[in-house]
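S.K.: Can you look at this prediction? I've put the sequence above it.
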Amino acid sequence: MMRKLLEIALNDLRVFFREPGQLIGVVVIPLIFTLGIGFASSGNNGPTSIRVDVVDLDGSALSSELLGDVREANSALRLCPYDNDEGDYCRLGDEPTLDEARATERVRNNETLALIVIPDGFEERVTKGEAVSVGYLSNENATAPSYILQALQTATGRMASAQVAAVVSGAIVDAYGALTFTDAAARDGFQAGVYENAAAVVSTNPITVDFTLTEQTGGDSNSGAQSGFGQSIPGMGSMFVMFTVFTSLYVLIREKRNWTIQRMVMMPVTRGQILGGKILMWFLVGMLQFAVVFVIGLVVGVNFGHDVVALLLVMMLYTLCITAFSFAISTLLKTEAQANSVSLLLALMLASLGGAWWPLDVVPGFMKVIGHLSPVAWAMDGFRNLIFENGTLLTVLPSLGVLGLLSAIFFGFAVWRFRYE
């Protein structure tokens, strides 16, 4: 029985790959998609340059120091017009200077991501310990203003720390009379000196964090490549397994229309062998699709964890589930046009809902529940557990159990509904 089943499966494989276009669908297209999405999501760095407009109404040494601290807090920031270059990175055109009205309009037109306005009298008020506000305007639709605001808050925080030291020292002198001054100017000079000394201490970052990244066994699981390809390899593999296996939807309809299956029924093989051979053939094609995509992962250096058996079982049960699902759906379709439309719709819908395109961790809770109606979600749970959490066969048993149960349900429905005529 097994020999005839294998003969049917191998014969169908030869017919399938006889068309050159099948190799493109199984190898070339998945390779391009997987590499493209993997590299696109592998970068850990933000943008190399962020355009920020500055209007300095004070023009003092302290305002220049503030802008220097902003640059130090985020080296990607390019403060316009001060950091403009010969290529006119700031896009100032024939007007190399900025006023507040023009800069505001540039933010609204998305020509720049944010505007920092340093008010007149900034240095005088800071050194005297008076409250002062630095204006900040950002475009709410832009993706980077949070980084700009963080840098600005870091810079103003440094100055505020020095200002507090100056104000407190002045208050102590006034309260206890530890020092006497000839006039108010002398007292202001003392307070300014305290501010300068405090600012110098703050700029050295006297309190730091000694950061150490724990070593990851079996590869750098926190690297950009691991993060990007760790998602794209199993995700694109799961999606293209569906695309490939769902081809059986219209192939089976075509074989019935051409009386291929009907002629096979007249041969010395059982109907169970025919159906089993067809199922085995598409299962093998799906596993081949997984092999192509995961070899790409090995080439780019993805760490797939330590439990190879668990990884293979996730692939096998997912492919089995999709194959069973495909045969179950095929029993409900009548024409190749229906099969083409349904296969495309199902593949795209199940892949997106199931987390093949992005991790389900980033979606709302109710979408996670809906997503797990897709077999893709259970496969991705298993893959992510093995790849990112150093999981084992025991930890992916829930995913394997659900995929196995779905496979049994789909196969039962397919056998019940399948007609050879």
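M.R.: Everything's here; your move.

S.K.: Let me know the helix or strand that V52 is in.
M.R.: strand 50-56 (DSSP states H and E).

S.K.: scratch that, Y318 is what I was asking about
M.R.: helix 308-330.

S.K.: okay, now S248: neighbour count?
M.R.: By other CB atoms under 10 Å, the residues close to S248 number 26. To be clear about C-beta, it is placed using only N, CA and C from the backbone, and glycine gets the same treatment.

S.K.: just checking, it touches K278?
M.R.: Yes. The criterion here is CB atoms under 8 Å, and S248 meets it with K278 at 7.5 Å.

S.K.: between the two, what contacts are shared?
M.R.: F327 (CB atoms under 8 Å, 6 or more residues apart in numbering).

S.K.: circling back to that earlier point, quick one: residues in contact with the strand holding V52.
M.R.: By CB under 8 Å, 6+ apart, the list of residues contacting strand 50-56 from outside reads 63-64, 67, 74, 76-82, 89-91, 98-100, 103, 106-107, 111-118, 144, 147-148.

S.K.: quick one: A377 from V369, how far?
M.R.: Counting by CB to CB, to the nearest Å, the gap from A377 to V369 is 10 Å.

S.K.: coming back round to it: so what does the helix holding Y318 touch, helix or strand wise?
M.R.: With contacts taken as 3 or more CB pairs under 8 Å, 6 or more residues apart in numbering; DSSP states H and E, helix 308-330 sits against helix 224-245, helix 247-257, helix 271-300, helix 336-354, helix 375-388, helix 397-417.

S.K.: With I29 as the reference, name the closest of those helices.
M.R.: helix 224-245 (7.5 Å; CB to CB).

S.K.: how about that closest one: buried residues?
M.R.: 225-245 (16 or more other CB atoms under 10 Å).

S.K.: tell me the angle it makes with helix 271-300.
M.R.: Taking axes from the mean of the first three to the mean of the last three CA atoms, to 10 degrees, one finds helix 224-245 and helix 271-300 inclined to each other by 160 degrees.

S.K.: Can you measure across stretch 75-95, start residue to end residue?
M.R.: In stretch 75-95, first residue to last residue: 25 Å (CA to CA, to the nearest Å).

S.K.: for stretch 92-101, same thing?
M.R.: 14 Å.

S.K.: Contact partners for the spatially closest residue to S343 that is not a sequence neighbour?
M.R.: Spatial nearest neighbour of S343, excluding adjacent residues (CB to CB, 6 or more residues apart in numbering): F246 at 3.7 Å. Contacts for F246 (CB under 8 Å, 6+ apart) come out as 322, 326, 343, 346-347.

S.K.: Are any of the residues you listed buried, and if so which?
M.R.: Neighbour-count burial (16+ other CB under 10 Å) applied to the contacts of F246 gives 322, 326, 343, 346-347.

S.K.: So of these, which two are at opposite extremes in space?
M.R.: In these, two members sit farther apart than any others by CB to CB. They are I322 and S343, at 11.1 Å.

S.K.: any idea of the mean pLDDT in stretch 32-42?
M.R.: Confidence for stretch 32-42, expressed as mean pLDDT, is 66.

S.K.: now stretch 387-398
M.R.: On average, stretch 387-398 scores 84.

S.K.: which residues sit against that stretch?
M.R.: 217-218, 221, 226, 230, 234, 302-307, 309-310, 313-314, 381-382, 385-386.

S.K.: got the CA coordinates for it in CSV?
M.R.: Provided in CSV are the C-alpha atoms of stretch 387-398 (Å, rounded to 0.1, in the frame of the first residue of the first chain):
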residue,chain,number,x,y,z
ILE,A,387,14.0,31.1,18.0
PHE,A,388,13.8,33.9,20.6
GLU,A,389,13.0,32.2,23.9
ASN,A,390,15.3,29.2,23.6
GLY,A,391,12.3,26.9,23.8
THR,A,392,12.2,23.1,23.7
LEU,A,393,9.8,20.5,22.5
LEU,A,394,7.9,20.7,25.9
THR,A,395,7.3,24.4,25.5
VAL,A,396,5.9,24.2,22.0
LEU,A,397,3.6,21.3,22.8
PRO,A,398,0.5,23.6,22.9
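
S.K.: just to revisit the earlier point, the more surrounded of A377 and V369?
M.R.: A377 (23 against 11).

S.K.: And for the more buried one, nearest residue in space, chain neighbours not counted?
M.R.: G354 (4.0 Å).

S.K.: Would you confirm that that neighbour contacts V376?
M.R.: Yes. Using CB under 8 Å, G354 is in contact with V376, at 2.7 Å.

S.K.: between those two, what contacts are shared?
M.R.: In terms of CB under 8 Å, 6+ apart, G354 and V376 are both contacted by the residues S238.

S.K.: of the two, who's got more company?
M.R.: V376 (30 against 25).

S.K.: Give me the distance between that one and V369.
M.R.: Taking CB to CB, one finds V376 at 14 Å from V369.

S.K.: Mind putting the buried ones among the contacts of F246 into JSON lines with distance to P30 and pLDDT?
M.R.: As requested, the buried ones among the contacts of F246 are exported to JSON lines (distance: CB to CB, whole Å; pLDDT from 0 to 100):
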{"residue": "I322", "distance to P30": "15", "pLDDT": "90"}
{"residue": "S326", "distance to P30": "18", "pLDDT": "86"}
{"residue": "S343", "distance to P30": "16", "pLDDT": "77"}
{"residue": "L346", "distance to P30": "18", "pLDDT": "83"}
{"residue": "A347", "distance to P30": "13", "pLDDT": "83"}
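
S.K.: out of the residues you listed, which one sits closest to K128?
M.R.: When the buried ones among the contacts of F246 are compared against K128 (criterion: CB to CB), the nearest one is A347, at 67.8 Å.
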